[in-house]
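In: just coords:
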């Protein structure tokens, strides 16, 4: 078995007396889509924040392709191939959709300490950005300011930004949050297409999406992994039923 | 982005007016008008630099006058020791400003919003008191320059009109430099950091380093402004770097229209010309200026430039 893309070992995070991540261990393999589900307050976003580096864990280790990234700042992790989307849409509102993505391309295309020359005229950057926008079907909206995109389009834009980073691991924090049924269908379609190209960790409340996409599912409650396995196994797990899935799958 | 699509007519008009002002001045109180407009352009350089920080980077510095003071004192201290060669003194002024920006920026940029404002203010006050305690160089009373800077030994800035055009060239250079920087790769990262620093970090930019470089650029231009100010007034004093001066620079930027660059020049002109005109009416000119500023901020979000644009739009709509 090859080395996992992401390995989390005994991760722990507490805010004072409140334990939010309680000894989480988890592997995500090459090309795998690993969903993390759990009730509100289970510590899913906290987990993603620790993996992406915006939050420092209290204990435990995080490895990306075998490299210990536990102490690295977010920008260094990004350069090692880690991309993420945010639960609350996080784009640059007064930049065009294209420029939002072009910046992600720029971050890994030579130095950004260039003080002359128009960045928005660099065709290499724009072409790569356009390719990423096309993958999420936003190419027609490239010139619009991100602030003027619909909610679902902003979610897609986040995905395009992540794609432009050519990630090895993509962390998706509730990509469907707040989108209507049609838009979620569209996003599921996009993710389906991307599946296998790189490893993904999907945190999501939309069970349709989770069961349509996931290769493996981990159930998180009170900061602990309650169960982990193939979708069918997790669905059948009685502990999971009572803790979380029960009412939604009935 | 706005700065690309905005028409070039206004910046060109601004520089044309500045280029022709001395001709017009020769029909009136020439020395007086030349001095006034020289000051407008000098403060314009400092305001430009501040607009670069605030308008494009979201970094509201309340200590920008410190750099003006550093530039001015460099010229004056060298002058006191008989060195007025611009080829030596100006680079030193810029290097000292850059160094101060780098060191204080390293501290300031770890903070955000109000804390950033307060800590830049604190550093500004620090350098203000340092200048006041420089007793060999006049202390609180300041210091007179024996002569203006010379270029390779020639006293080319001795003539007021020559100084005026030299300052105009520096202003034009600063403006073009900042415009290029704003549109460049670096500028795009800097602008992005204002919009959403967390997003910028997660796509792989170490935001702090970019902001610090921008802070150094703005600091250098502040130093340049101070260097020219010392030459224009042939005098320096700690008041050049008082917190009121830093506040005035922010007012200039807001007054003209933040985040446009040429707005900062308009703002500097409006501020200094109003100060001059209103100051002729009453000693308490700020009593009139204050409400004007409030009105501008309340009703013209984009400053004077924004006001002009919205009037133009309303007229063309009929």
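Out: Looks like it arrived, so ask away. Bear in mind that the values here come from a model prediction, so they are computed numbers and not experimental data. Numbering: from 1, shown residues only, chains lettered A, B, ... in the order given.

In: pretty sure residue B:264 is touching residue B:256, no?
Out: Yes - between residue B:264 and residue B:256 there is a contact at 5.4 Å, judged by C-beta atoms under 8 Å. In short, each C-beta sits where N, CA and C put it, glycine included.

In: any common contacting residues for the two?
Out: B:47, B:51 (C-beta atoms under 8 Å, 6 or more residues apart in numbering or on different chains).

In: Which of the two has more residues huddled nearby?
Out: Counted by other C-beta atoms under 10 Å in any protein chain shown, residue B:264 and residue B:256 do not tie: residue B:264 has more neighbours, with 34 against 29.

In: For that one, what is the enclosing helix or strand?
Out: helix B:262-281 (DSSP states H and E).

In: For that helix, which outside residues touch it?
Out: Contacts of helix B:262-281 (C-beta under 8 Å, 6+ apart): B:10-11, B:14, B:36, B:39-41, B:43-44, B:46-48, B:50-51, B:171, B:175, B:248, B:251-257, B:285, B:288-289, B:292, B:302-305.

In: quick one, what contacts residue B:34?
Out: Applying C-beta under 8 Å, 6+ apart, we find residue B:34 in contact with B:22, B:25, B:160-161, B:164.

In: And chain A, what are its domain boundaries?
Out: Here the domain parsing of chain A from automatic domain parsing is A:1-81+A:167-250, A:94-166.

In: Mean pLDDT lowest where, among those?
Out: Of all these, the minimum mean pLDDT falls on domain A:1-81+A:167-250 (a mean of 88).

In: what about the closest residue to chain A within the stretch 101-250 of chain B, how many neighbours?
Out: Nearest residue of the stretch 101-250 of chain B to chain A, counting by C-beta to the nearest C-beta: residue B:204, 3.5 Å away. Under the neighbour criterion other C-beta under 10 Å, residue B:204 is assigned a count of 22.

In: now do the one 10 residues further on
Out: The local packing count at residue B:214 equals 27, with neighbours defined by other C-beta under 10 Å.

In: returning to what we had before: what two of the contacts of residue B:34 are the furthest from one another?
Out: Using C-beta to C-beta, the two most remote members of the contacts of residue B:34 are B:25 and B:160, lying 9.7 Å apart.

In: Which of the two has more residues huddled nearby?
Out: Taking neighbours as other C-beta under 10 Å, residue B:25 and residue B:160 compare with residue B:25 leading, 20 against 16.

In: surely the more buried one meets residue B:38?
Out: No - judged on C-beta under 8 Å, residue B:25 makes no contact with residue B:38 at a distance of 10.5 Å.

In: who are the neighbours in contact with residue A:229?
Out: Contact analysis of residue A:229 by C-beta under 8 Å, 6+ apart lists A:216-217, A:237.

In: And for residue A:118?
Out: Counted by C-beta under 8 Å, 6+ apart, residue A:118 has contacts B:183-184.

In: how about a cut-off of 7 Å?
Out: Residues near residue A:118 by C-beta atoms under 7 Å, 6 or more residues apart in numbering or on different chains: residue B:183.

In: List the buried residues for the helix or strand hosting residue B:161?
Out: For residue B:161, the host element (DSSP H and E) is helix B:160-183. By neighbour count on 16 or more other C-beta atoms under 10 Å in any protein chain shown, the buried set for helix B:160-183 is B:160, B:163-168, B:170-171, B:174-175, B:177-179, B:181-183.

In: Counting by contacts, list what the helix ranked longest in chain B packs against.
Out: Assignment by DSSP state H gives helix B:207-233 as the longest helix of chain B. Under the contact definition 3 or more C-beta pairs under 7 Å, 6 or more residues apart in numbering or on different chains; DSSP states H and E, helix B:207-233 sits against helix B:30-51, helix B:65-80, helix B:86-108, helix B:160-183, helix B:185-195, helix B:197-202.

In: Contacts (any at all) between chain A and the longest one?
Out: Yes - applying C-beta under 7 Å from any C-beta of the partner chain, one finds that helix B:160-183 is in contact with chain A at B:180-181, B:183.

In: Could you check how far residue A:127 is from residue A:220?
Out: Using C-beta to C-beta, to the nearest Å, we find residue A:127 at a distance of 40 Å from residue A:220.

In: ok, now residue A:136?
Out: From residue A:136 over to residue A:220 the distance is 27 Å, taken as C-beta to C-beta.

In: I'd like the next helix or strand past the helix holding residue B:264.
Out: Using DSSP H and E, the helix or strand that follows helix B:262-281 towards the C-terminus is helix B:286-299.

In: Go through that next one and flag the buried ones.
Out: Neighbour-count burial for helix B:286-299 flags B:289, B:296 (criterion: 16+ other C-beta under 10 Å).

In: Helix B:262-281 and that helix, what's the angle between them?
Out: 150 degrees (axes from the mean of the first three to the mean of the last three C-alpha atoms, to 10 degrees).

In: Quick one: mean pLDDT over helix B:286-299.
Out: Helix B:286-299 comes out at a mean pLDDT of 84.

In: Now do that helix: everything it contacts.
Out: With C-beta under 7 Å, 6+ apart as the criterion, helix B:286-299 contacts B:251, B:254-255, B:274, B:278, B:303-304.

In: what does chain A put close to chain B?
Out: Residues of chain A lying near chain B by C-beta under 7 Å from any C-beta: A:52, A:54, A:74-75, A:78-79, A:84, A:90-95, A:103-104, A:106-108, A:112-119, A:161, A:165.

In: So which of these belong to helices?
Out: Among the residues of chain A next to chain B, DSSP H puts A:52, A:74-75, A:78-79, A:103-104, A:106, A:161 in helices.

In: Could you export the residues you listed to JSON lines, including columns for neighbour count?
Out: Converted to JSON lines, these look like this (neighbours: other C-beta atoms under 10 Å in any protein chain shown):
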{"residue": "A:52", "neighbour count": "24"}
{"residue": "A:74", "neighbour count": "23"}
{"residue": "A:75", "neighbour count": "19"}
{"residue": "A:78", "neighbour count": "26"}
{"residue": "A:79", "neighbour count": "16"}
{"residue": "A:103", "neighbour count": "27"}
{"residue": "A:104", "neighbour count": "30"}
{"residue": "A:106", "neighbour count": "27"}
{"residue": "A:161", "neighbour count": "30"}
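
In: if we can go back for a sec, report the angle between the axes of the helix holding residue B:161 and helix B:30-51?
Out: Going by the same axes, to 10 degrees, helix B:160-183 makes 20 degrees with helix B:30-51.

In: Please state the offset of helix B:160-183 from the chain centre?
Out: 11 Å (C-alpha atoms, centre = their mean, to the nearest Å).

In: which other helices and strands contact it?
Out: Packing contacts for helix B:160-183, counted by 3+ C-beta pairs under 7 Å, 6+ apart, involve helix B:9-25, helix B:30-51, helix B:207-233.

In: Residue A:42 is nearest to which of those helices?
Out: Shortest distance between residue A:42 and the helices and strands packed on helix B:160-183, using C-beta to C-beta, is found for helix B:207-233: 30.5 Å.

In: buried set for the closest one?
Out: For helix B:207-233, by 16+ other C-beta under 10 Å, it's B:207-208, B:210-233.

In: any idea of the mean pLDDT in the next helix or strand along the chain from it?
Out: Following helix B:207-233 in sequence order, the next helix or strand is strand B:235-236 (DSSP H and E). Strand B:235-236 comes out with an average pLDDT of 93.

In: How far off centre is the helix or strand that strand B:235-236 is followed by?
Out: Using DSSP H and E, the helix or strand that follows strand B:235-236 in sequence is helix B:243-256. Distance of helix B:243-256 from the chain centroid (C-alpha atoms, centre = their mean) equals 9 Å.

In: now stretch A:212-223
Out: 14 Å.

In: Quick check: chain neighbours aside, which residue is closest to the residue most central in space within chain B?
Out: Among the residues of chain B, residue B:46 comes closest to the average C-alpha position under C-alpha atoms, centre = their mean, at 1.0 Å. In space, and not counting its chain neighbours, residue B:46 is closest to residue B:225: 3.9 Å by C-beta to C-beta, 6 or more residues apart in numbering or on different chains.
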